[in-house]
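Q: Here is my input, please return the structure:
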Amino acid sequence: LQPIDSPLVFSGFSPVAIRQYAGELAGYGMEVAQGGTGDARPNDPNIRPGDMVSAVLLEGDLSLNASCTVTAIVDGRVYACGHPLFGFGSVRMPMARGHVLTTLSSDLNSTKIVNVGGTIGSINQDRITAVVGHLGEPPKMIPIDLTVETPAGDKHLAFRMMSNPKITPILMGMAALNGLVRNSVYGEGTTLRLTGSIEIADHSSVKLDNLFTPTDAFIPDGMSVAGAVQSVFQKIFSNPYETPKIQRVTLRMQALPEQGQMTIEGAWAEETVASPGETLKVKVQLRPYRGTPVIRDVPVTIPLQATRGTSMQILVSDSGTLNRMSVISGSQARLQNLEQLISMLNRERRNSRLYVTLLGPSPTLVVQDKVMPNVPVSQINLLNQRTGPASTQIVRESAAGEWSVPLDQVVQGSASISIRIK
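A: Residues are numbered from 1 along each chain as shown. Modelled structure (predicted):
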């Protein structure tokens, strides 16, 4: 015997967004269905066994609910479903009244068409034998403000989302993709810009600002934006330090008409020998997508404290190369709290800029979220003993300088130049 899938009712979603995430939701035993919402009624809280209630995942301009039948009501506690929804155990989801419009009868699998009504309480247990909640005040949800720029003006979506480390990142990615594909400005082959912020109680905000170029992969181009949003939420919710209390999310998306992509084909310096304090002109050859190569000049200044007789490396790269380098970004494994994780996320480079980094031969000490270049060996030994080996890392190179050039196109590739200090 196989348990019957629970219907997960979508309203305001594009079929494209639903299809992309249907597989992930099916892993929880959910069957995707289109539905609607209704106005709250004064008698919504007056439920009885046999009535329908809905677990609210999203509400507002976008609606997502899982509905099932009330089994019993005992002292204000509502027992429903007779099976789990997601099997999350302890959970905080708003509970709304469900109104059955009609039943589609079938010997194989009958289906109820349900409209979701007013919120009447909270679901706090999602167990193998039942979903349990209580009547009264619902839990707080995360307010989301999603804007898509269009030639005719901004199009806004305002909705609220439940907070749960397992499913909230998926819901956020789905909402971001839906905001794009539902809009007339979206089309395959366009470059997408994402900006916004995630406000977390008692912490700094996480800033979002990136550019995404279309690919030849057989998936919607908007999935790159949805995946980036989903990844940030997963990092925030999976942190081992504390439960994040997200207060508000603001996202703004823009579709650019061309495929904005540049590849680094090479880089060279006018001189390969320099003195401390001297400024070199680094030339970078970039090839636009199906376009003619262009050359950009980036001035690089050798620091006065550079050691004569040594060599330094000039790294010309995209953002991904720098974000992966421990000498530049540090490691999440060495962090100590959520604020340090937010600081690391905000320091990640943006892929719409060309980066030029000067690397020296002196060691770098990475302590938690702090990168300390050119640290003397005596201080490395002292700090390493105080902080403990789990929170520090020693890297053989130091970043002696970093420069960037905004290109408003996605930059890819890297090149390296060796400079001797005389």
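Q: Count the neighbours of R353 for me.
A: Using other Cβ atoms under 10 Å, the number of residues around R353 comes to 19. (C-beta placed from N, C-alpha, C; glycine too.)
Q: Against L211, how distant is it?
A: 9 Å (Cβ to Cβ, to the nearest Å).
Q: What count of nearby residues applies to P288?
A: 16.
Q: Give me the nearest residue to it, chain neighbours excluded.
A: Closest residue to P288 apart from its sequence neighbours, by Cβ to Cβ, 6 or more residues apart in numbering: M262 at 5.4 Å.
Q: Could you say which helix or strand holds the one you found?
A: M262 is part of strand 261-269, with elements assigned from DSSP states H and E.
Q: where exactly do the helices run in the stretch 151-300 of the chain?
A: 168-181, 223-237 (DSSP state H, counting those that start in this stretch).
Q: Return the most buried member of these.
A: Most buried of those by mean neighbour count (mean count of other Cβ atoms under 10 Å) is helix 168-181; its value is a mean of 24.
Q: In terms of secondary structure, what does that helix contact?
A: Helix 168-181 is packed against helix 15-26, strand 52-60, strand 142-148, strand 155-161, helix 223-237, strand 246-256, with contacts defined by 3 or more Cβ pairs under 8 Å, 6 or more residues apart in numbering; DSSP states H and E.
Q: try it again with 6 Å
A: Contacts defined by 3 or more Cβ pairs under 6 Å, 6 or more residues apart in numbering; DSSP states H and E place helix 168-181 against helix 15-26, helix 223-237.
Q: Now the first one: buried residues?
A: Residues of helix 15-26 classed as buried by neighbour count (16 or more other Cβ atoms under 10 Å): 16-18, 20-22, 25.
Q: now swap in stretch 210-220 and tell me
A: Residues 210-214, 220 are the ones in stretch 210-220 that count as buried (16+ other Cβ under 10 Å).
Q: Arrange these in CSV, one row each, with pLDDT as further columns.
A: CSV is the format used below for the buried residues of stretch 210-220 (pLDDT from 0 to 100):
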residue, pLDDT
N210, 90
L211, 90
F212, 88
T213, 84
P214, 79
P220, 81
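Q: quick revisit: check the helices and strands packed on helix 168-181 for me: which has the lowest mean pLDDT.
A: Of all the helices and strands packed on helix 168-181, mean pLDDT reaches its minimum on helix 15-26 (a mean of 85).
Q: between it and helix 223-237, how many degrees?
A: Relative orientation of helix 15-26 and helix 223-237, computed by axes from the mean of the first three to the mean of the last three Cα atoms, to 10 degrees: 40 degrees.
Q: And for helix 15-26, what's in contact with it?
A: Residues outside helix 15-26 that contact it (Cβ atoms under 6 Å, 6 or more residues apart in numbering) are 8, 10, 32, 170, 174, 177-178, 181.
Q: what separates stretch 83-98 from the chain centre, distance-wise?
A: Taking Cα atoms, centre = their mean, to the nearest Å, one finds the center of stretch 83-98 at 24 Å from the center of the full chain.
Q: gap between T150 and M253?
A: In terms of Cβ to Cβ, T150 sits 10 Å off from M253.
Q: More neighbours: which of those two?
A: Legend: neighbour count by other Cβ under 10 Å for T150 and M253, higher for M253 (24 against 14).
Q: rewinding a little: ok, so of the buried residues of stretch 210-220, who is nearest V70?
A: V70 lies nearest to P220 out of these, by Cβ to Cβ, at 38.5 Å.
Q: distance between the ends of stretch 255-266?
A: Counting by Cα to Cα, to the nearest Å, you get 29 Å between the two ends of stretch 255-266.
Q: And the average pLDDT for it is what?
A: pLDDT averaged over stretch 255-266 gives 84.
Q: Only the buried residues of it, if you could.
A: 255-256, 259-262, 264.
Q: Other residues contacting stretch 41-56?
A: In contact with stretch 41-56 (Cβ under 6 Å, 6+ apart) are residues 65-67, 69-70, 72, 80, 85, 93-98, 100, 114, 116-118, 120, 123, 135.
Q: Buried subset of the residues you listed, written for ChimeraX?
A: Entered in ChimeraX, the line below selects the buried ones among those, by 16+ other Cβ under 10 Å:
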select :65,66,67,70,80,85,93,94,95,96,97,98,114,116,117,120,123
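Q: circling back to that earlier point, closest one to V411 among the helices and strands packed on helix 168-181?
A: helix 223-237 (15.1 Å).
Q: circling back to that earlier point, please name whichever of the contacts of helix 15-26 scores lowest on pLDDT.
A: Within the contacts of helix 15-26, pLDDT is lowest for V32, at 77.
Q: what pairs with that residue across the strands?
A: As for beta bridges, V32 partners with L8 under DSSP bridges.
Q: Identify the residues contacting it.
A: Counting by Cβ under 6 Å, 6+ apart, V32 has contacts 8, 18, 22.
Q: can you redo those residues as JSON lines with distance to D408?
A: Converted to JSON lines, these look like this (distance: Cβ to Cβ, whole Å):
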{"residue": "L8", "distance to D408": "39"}
{"residue": "I18", "distance to D408": "33"}
{"residue": "A22", "distance to D408": "35"}
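Q: Closest one to I200 out of those, please.
A: Nearest to I200, judged by Cβ to Cβ, of these is L8 at 27.7 Å.
Q: Give me the neighbour count for the closest one.
A: For L8, the count of nearby residues is 24 (other Cβ under 10 Å).
Q: Please tell me I have it right and it contacts S67.
A: No. Taking Cβ atoms under 6 Å as the definition, L8 is not a contact partner of S67, at 8.8 Å.
Q: Could you name every residue contacting both of the two?
A: Common neighbours of L8 and S67 (Cβ under 6 Å, 6+ apart) do not exist.
Q: By mean pLDDT, flag the weakest helix or strand of the chain.
A: helix 326-329 (a mean of 50; mean pLDDT, DSSP states H and E).
Q: Just give me how far the very next helix or strand once past it sits from the chain centre.
A: Remark: after helix 326-329, the chain's next helix or strand is helix 338-347, criterion DSSP H and E. Helix 338-347 has its C-alpha centroid displaced from the chain centroid by 14 Å (Cα atoms, centre = their mean).
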